[in-house]
Every structure is written in C-alpha cells, then in structure tokens.
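sequence first, predicted model second:
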Amino acid sequence: MGFDFDTIVERRGTASAKWDLADDGMLPMWVADMDFAAPPEVVEALRDRLDHPVFGYTLVSDSYREAFRDWQRRRNRLDIEPQSVLSTPGVMPAIRAAIDALSEPGDQIVVQTPVYYPFFDAVRSKRRRLRFNPLREDDLHYRMDFEQLEGLFRGGARLLLFSSPHNPVARVWTVAELQRLAELVRRWDVTVISDEIHSDIIYPAARFVSLLSLVPERCVACFSVSKTFNLAGIGASQTVVPDELLRGRLAAVLKRDGLASVENALSLAAAEAAYRHGEPWLEALLRYLRFNSALLGEELARRLPEVRMTPQQGTYVAWLDFRALQRDRGLHDAQLKRVLERRARVWLSPGVQFGRGGCGFQRLNFAAARSVVAQAIDRICDAFERP
Ligand SMILES: Cc1ncc(COP(=O)(O)O)c(C=O)c1O
C-alpha cells in the first residue's frame, strides 16, 4: 500500500503547537512532531471508538498491552513481561514520576549534553542536582565520555537520565557502547531512566538496542507512540520496569500523583491500532525521512558548505553545525537566530537550549513534506548566500 507523505496537510487553525505559534510565513521546524497524517488504521480505530458514544472510565486492556509487547518483540527482538508495563500519559510525566520514585531531593542525577532540554527542568523542579557528562564530539561524531561518567558515579550520582537514540545529536548507541554503560551502572549501583521514545526512527546504517536487554534490573525504559506514529497530541506512553521493587516504587508515585488512572479511551484505541497495524506506514515513513535527510545533507554541502550535518543514524531531527559559518561571518548565536527567523523565515531549535556543547548548532525537524523541506533549505541557503 502506498502512503502519501508529499501532500501538505494544512495544520494552522488546529491548535497545533508547531504551526499556530508561528507567525504567518514562518516555517516551523523546531518541535519534534511531524507534519504527516497518522496511519489510516489509527484514524479508523478512533472513528470506530467514537461510534460508541459512552466515554466512561477506561481500563488498560490486555489486548493493548499485548499489542505493545508484540511490537517490541517484532521490531526490537525485545521480550517484555506483561506485568512490567506501566501505562503512562506521556514520556515526560513518566520521567518526572521516575525521578521522584528513584531518588531523593538533593541527589545527583546525570544527563549527557547536548540533550533534550526538558530533562533539565524535570531534575531541577524536583530539587535534585544536575550533573553533566557532556558528549565528546570529534568532527561531528558523538560518543559518551565513560571516564568522566564513572567519575560522576564515583562522586555519588546514582541515577542517569539517558536519551537513546540521542536527541538532538541523532546517535543510535551501539551494542558495544551500551554494554560499556551497562558494566558501569552495575559496578556503581546506578539506575537508568532510559528515554527510548525515538527508538522506532532508525535508519539502515544503525540498529537500535534497548538498554532493557542489557540491564533490565536497573532500567526504567520509556516508549511512546508519539514520535513513531506522529501521535504526540494523543498522550499514551508505556514505561517498562522489569524489576518488581523499582516498578512498585514508580507505580506508587504514579498513583499518588493521579497519573495511574488517567486512561483516555481514545488514546488507548489509537495506540493499540498503531502498534497492531502501523508497521507498513512506519516502513514507508522511514524511507521518506531518509530521503529528506539526504536532501538536507546534500543541498547544504552543495550550497552552504560552512553548515554541516551530523550523521543521521536515527530520529527525524537534524543537528546542524553552524560554527564555521558563525566564525566566518562573525555572527554570535543571537545574531544567527535573527537571520534564521527574520531573513530565512525558518524556526529552528537553537543548540544552546540543549546545554553544554550545543552552542553554534541548530536542530531542524525534517519530518515534513519534501517540498517544505526543500523550501526550508532554499530559504536558509538564500539567507546566507554571499551576494
Ligand atoms: C527525548 C524525548 N523525550 C521525551 C519527549 C516528550 O515526550 P512526551 O510528549 O511523551 O512527554 C520528547 C519529545 O520531543 C523527546 O524528544
């Protein structure tokens, strides 16, 4: 079956955070949601559910759990016990609850910058102390600094907030890297909140491995249909905690905060349909995204070689290095942002938001119709092209 990702779906006027916050004429390419219609089976499942007009308190059905477990088995060769899955209303609510459940105020929590910036506030707002283990960058190849990480564990940090695949640098961690991480967390008795929300957006050169398969006893892993099937407004996520003790602690916090019984009848219907029937759509999407990413990389290399793109192993956000261009044109970060927004009329996520190592970078979401991505590239190149 063919899927149409080329037709532009007008999103303005739908209370879209991406489009309705942007001025007319601006191309928003910052937030990580896609401009594509959800898989047709998801829309159909929502219609079917609407045909029954009662929307009372709703259970998480065995069939919903089964659909998620089947998906992980099929896609990631990951066997998940039914009782390990907690249904949660989103990955960030689950992470915040996990921070509460697994640490105390004043505790140290490690993040590896540049990283998805809501992590910072999630830690600080819970009165925990952020500890930074910046990724090492060598000619746009990123890796974890295991020596420094071990130093932070030695210094008392017992919780790691991990992004896998890593947003924003588009890295899919290899088994060898994950094994090394697993050894360290075992040695230092660390627990990992592994945010695996981007784990279905993986390109052929990489293979996703869940940290769950390496250290199940120390891992709280977060998944969701929101990135995979473009259902961020649906609010359904799955938090997998194989260890009974850790799971009990997280379940108690979810219950205490009123997050355990927020079961949305429509979200569950949509998420189950996505996991059951969405695979052909996802495969077609991945092919489409790969071409968008290639277009972006090739056009920048041709027209604006001072801007380079990090190799795209996963995710649909590109991590663009503007450092050479900034040096060359004498632009600091605020001036760069002004040129992008006022002259190019594209709205990207400034790298500085993602913490140390983000300065001089911009994150661009290329999950849009190809003509829109092409237009964004044109605008960026035109804005910086020398007369
Ligand atoms: C790494 C990462 N975690 C979490 C989220 C947000 O998840 P949710 O909307 O389910 O809270 C995002 C969204 O962009 C993300 O990139």
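Cool, the structure landed.

how close does Asp243 sit to the ligand?
22 Å (Cβ to the nearest ligand atom, to the nearest Å). Placement of C-beta: from N, CA and C, glycine included.

next one: that residue from Ser84, what distance?
Going from Asp243 to Ser84 by Cβ to Cβ, to the nearest Å gives 9 Å.

now do the helices in this structure.
40-50, 62-76, 91-102, 118-124, 146-154, 175-187, 225-228, 244-256, 265-277, 279-303, 323-329, 333-338, 370-384 (DSSP state H).

list the buried ones in the first one?
Right, helix 40-50. Buried residues in helix 40-50, counted by 16 or more other Cβ atoms under 10 Å: 41-42, 45-46, 49.

now do it, average pLDDT.
Per-residue pLDDT values over helix 40-50 give a mean of 98.

got the angle for that helix vs helix 265-277?
Helix 40-50 and helix 265-277 are oriented at 140 degrees to each other (axes from the mean of the first three to the mean of the last three Cα atoms, to 10 degrees).

name the residues that touch helix 40-50?
37, 229, 231, 265-266, 269-270, 272-274, 276-278, 281 (Cβ atoms under 8 Å, 6 or more residues apart in numbering).

Asp243 and Ser84 - which one has more neighbours?
Shown here are Asp243 and Ser84; by other Cβ atoms under 10 Å, Ser84 has more neighbours (20 against 17).

need the residue closest to the centroid of this protein.
With distances taken as Cα atoms, centre = their mean, the chain has His198 as the residue nearest its mean C-alpha position (4.4 Å).

if I look at that residue, how far off is the ligand?
Distance of His198 to the ligand, computed by Cβ to the nearest ligand atom: 6 Å.

what's the answer for Leu259, then?
With Cβ to the nearest ligand atom as the criterion, Leu259 and the ligand are 12 Å apart.

show me what counts as buried in stretch 222-236.
222-232, 234-236.

want to throw the residues you listed into JSON lines with pLDDT and distance to Val54?
Converted to JSON lines, the buried residues of stretch 222-236 look like this (pLDDT from 0 to 100; distance: Cβ to Cβ, whole Å):
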{"residue": "Cys222", "pLDDT": "98", "distance to Val54": "31"}
{"residue": "Phe223", "pLDDT": "98", "distance to Val54": "29"}
{"residue": "Ser224", "pLDDT": "97", "distance to Val54": "27"}
{"residue": "Val225", "pLDDT": "96", "distance to Val54": "24"}
{"residue": "Ser226", "pLDDT": "96", "distance to Val54": "26"}
{"residue": "Lys227", "pLDDT": "97", "distance to Val54": "31"}
{"residue": "Thr228", "pLDDT": "97", "distance to Val54": "29"}
{"residue": "Phe229", "pLDDT": "98", "distance to Val54": "26"}
{"residue": "Asn230", "pLDDT": "97", "distance to Val54": "28"}
{"residue": "Leu231", "pLDDT": "97", "distance to Val54": "23"}
{"residue": "Ala232", "pLDDT": "95", "distance to Val54": "27"}
{"residue": "Ile234", "pLDDT": "92", "distance to Val54": "20"}
{"residue": "Gly235", "pLDDT": "90", "distance to Val54": "20"}
{"residue": "Ala236", "pLDDT": "90", "distance to Val54": "20"}
